[in-house]
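1. Sequence plus predicted model, see below.
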Amino acid sequence: MVFNSLSFLIFIAVFFPLYFGTRGRMRLGFCLLASYVFYGWWDWRFLALIAFSTVMDWWFGLWISYLDAPDETLKRCDAGSPTLRSFGKATAIVARTGLGRKAVLVFSICMNLVVLGFFKYFNFFIENAISAFSAVGLTPSWTTLNIILPVGISFYTFQSMSYTIDVYRRQIDREPSLLRFATFISLFPQLVAGPIVRAADLLPQMQSDRPFVWRNLYSGSGRVLWGFFKKVAIADSLAPFVDQVFEAPESFGSLHLLIGVVFYSFQIYCDFSGYSDIAIGLARMMGFGFPENFRTPYFSRSFSEFWTRWHVSLSSWLRDYLYIPLGGNRLGGVATYRNNMLTMLLGGLWHGANWAFVFWGLLHGVYLILQRAVAPVWRRLVRFTRLPGLLNHGIEVAVVYSLTLLAWVYFRSGSIGLAGGDSFATANQVISGIGGLEGFSLGAVVNKFQVVKGFVLIGILLAIELTNVRYHWNVRQVQQPGFRMAAFAVLLWLIAFFGTFGSNAFIYFQF
């Protein structure tokens, strides 16, 4: 089920009255059932997969926690059912082998990665292995499988993995209730495309019923409308122009291609951040606080700043569970560069089973490394030339955005690769077409109405975001009835006037 569909509007109309009309375990149970209906609407067969991942990681978290005191666990379990007694004995045996908590954690991570790897990367690795053997004259008889990628598997797998890791690190306590844990994993607003909510952030909020609060309804509704505007009015309006550019880049001049790449940068931003806004708004209406996932990333002055503003829940996940365990920047020099590069390469691979996504991660890894080398030189140059602060700020934002555009070309082409096309050939055609400066004039631009409409929408977006950065209107002013009603009316009018209503799937559903 997608947010921008009639079925979802009906789902929400039924969900909220029943949600606030229930209490305690009944509310948790209803929320779990509704979330499974939401997820199963796409393909009910994959409900078994999310249920398996949920039970597996809850069990491993329980086991890791009990291994802290195996003898006490054995005493507690001896007083329970035969299943609990077996569990206590198994816990004590594992502890006495010397394997203990780390072995359980490693097994848990491996199980999650095997499930994710099979559905997302099995064919990718088989195809590349066949190509490698063929290059040396061997012809293996391996075949790929007709595997359907479950929607949202990357998101809920990372969410459940972080829980067991945090329990292992003793940063959170185990969750004794399987019902509460299952609801945490499958909570429908963030289930399919994030943000990736940590157990430490959400599980404590689920310990008690969240009451209905009018202020949450107002601010949450405003956030939902803002998300719909970004998705339906901006992202879906830019999509046809972008698709046209990447489907046949050889047919257009340089300026047309450049506009297409700029439009894609805002399409993916509005599509993904729009989903996050809707998810955060729905959660707020339910009484839950989700972390922010986007913070005006295209205003970043460095790539390290960009990754604290773009897809924050994933970048912080990679930082906490990959970059820092690898050593972070503690060892300095080459080790830091290595850790940056490995993190970005794996972040690229997380997005899809195509080398173009890996190359996108490689580019951002190179950017982060070059930033460390160039930043001190640039600061000395700014001081020496006495460059005005505003001009310096503008130059840094422009450089970061321009290099981000280059990387987006490969990212967008990766989607073509997922569909069976040649992603690198498409990306190279787009880049060479822009660099050739042929047809770099307004007269050579096709579909001028779409171009004007696209830039008007981008201008509206930037104006609102800059105003929000300065005045935080979505937190303060939205609580004032007059401003709130005016803002809601404007957003509804913009959605109705500019919106594309075709239930277009969100881009990140494919990841």
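-> Good, I have the coordinates. Residues are numbered from 1 along each chain as shown.
2. The helix or strand that residue 154 is a member of packs against which elements?
-> Residue 154 is part of helix 153-168, with elements assigned from DSSP states H and E. Judged by 3 or more Cβ pairs under 8 Å, 6 or more residues apart in numbering; DSSP states H and E, helix 153-168 is in contact with helix 47-66, helix 100-135, helix 178-186, helix 188-191, helix 199-202, helix 312-318. Where C-beta positions appear, they are placed from N, C-alpha and C, glycine not excepted.
3. mean confidence score for the longest one?
-> Helix 100-135 carries an average pLDDT of 86.
4. Measure how that helix sits relative to helix 153-168, angle-wise.
-> Compare the direction of helix 100-135 with that of helix 153-168 by axes from the mean of the first three to the mean of the last three Cα atoms, to 10 degrees and you get 150 degrees.
5. Could you list the buried residues of helix 100-135?
-> Neighbour counts over helix 100-135 (16 or more other Cβ atoms under 10 Å) mark 100-101, 104-105, 108-109, 111-112, 115-116, 119-121, 123-124, 130 as buried.
6. now the helices: where do they sit in the stretch 201-350 of the chain?
-> 214-228, 236-247, 254-286, 303-306, 312-318, 324-326, 333-351 (DSSP state H, counting those that start in this stretch).
7. I'd like to know which of those helices is closest to residue 1.
-> With respect to residue 1, and counting by Cβ to Cβ, the nearest of these is helix 254-286 at 12.4 Å.
8. Tell me which other helices or strands that closest one touches.
-> Applying 3+ Cβ pairs under 8 Å, 6+ apart, one finds that helix 254-286 contacts helix 6-20, helix 188-191, helix 214-228, helix 236-247, helix 389-418, helix 423-435, helix 448-471.
9. export the ones you listed to CSV and tack on mean neighbour count, mean pLDDT and distance to residue 276?
-> Shown next, in CSV, are the helices and strands packed on helix 254-286 (neighbours: other Cβ atoms under 10 Å; pLDDT from 0 to 100; distance: least, Cβ to Cβ, whole Å):
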stretch, mean neighbour count, mean pLDDT, distance to residue 276
helix 6-20, 14, 91, 16
helix 188-191, 25, 90, 8
helix 214-228, 19, 89, 7
helix 236-247, 19, 91, 16
helix 389-418, 18, 90, 18
helix 423-435, 19, 90, 26
helix 448-471, 14, 87, 14
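10. With distance to residue 352 as added columns, please give those in JSON lines.
-> Formatted as JSON lines, these follow (distance: least, Cβ to Cβ, whole Å):
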{"stretch": "helix 6-20", "distance to residue 352": "25"}
{"stretch": "helix 188-191", "distance to residue 352": "19"}
{"stretch": "helix 214-228", "distance to residue 352": "23"}
{"stretch": "helix 236-247", "distance to residue 352": "15"}
{"stretch": "helix 389-418", "distance to residue 352": "6"}
{"stretch": "helix 423-435", "distance to residue 352": "10"}
{"stretch": "helix 448-471", "distance to residue 352": "25"}
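11. Nearest approach to residue 320 belongs to which of those helices?
-> Of all the helices and strands packed on helix 254-286, it is helix 188-191 that lies closest to residue 320, at 17.9 Å by Cβ to Cβ.
12. May I see the domains of the protein written out as residue ranges?
-> The record's domain parsing of the chain by automatic domain parsing lists 6-136+151-209, 215-510.
13. Compare the helices and strands packed on helix 153-168 and give me the one nearest residue 38.
-> Nearest to residue 38 among the helices and strands packed on helix 153-168 is helix 188-191; the distance by Cβ to Cβ comes to 4.1 Å.
14. Contacts for the closest one, please.
-> 34-35, 38-39, 152, 155-156, 196-197, 278-280, 282-283, 286, 290 (Cβ atoms under 8 Å, 6 or more residues apart in numbering).
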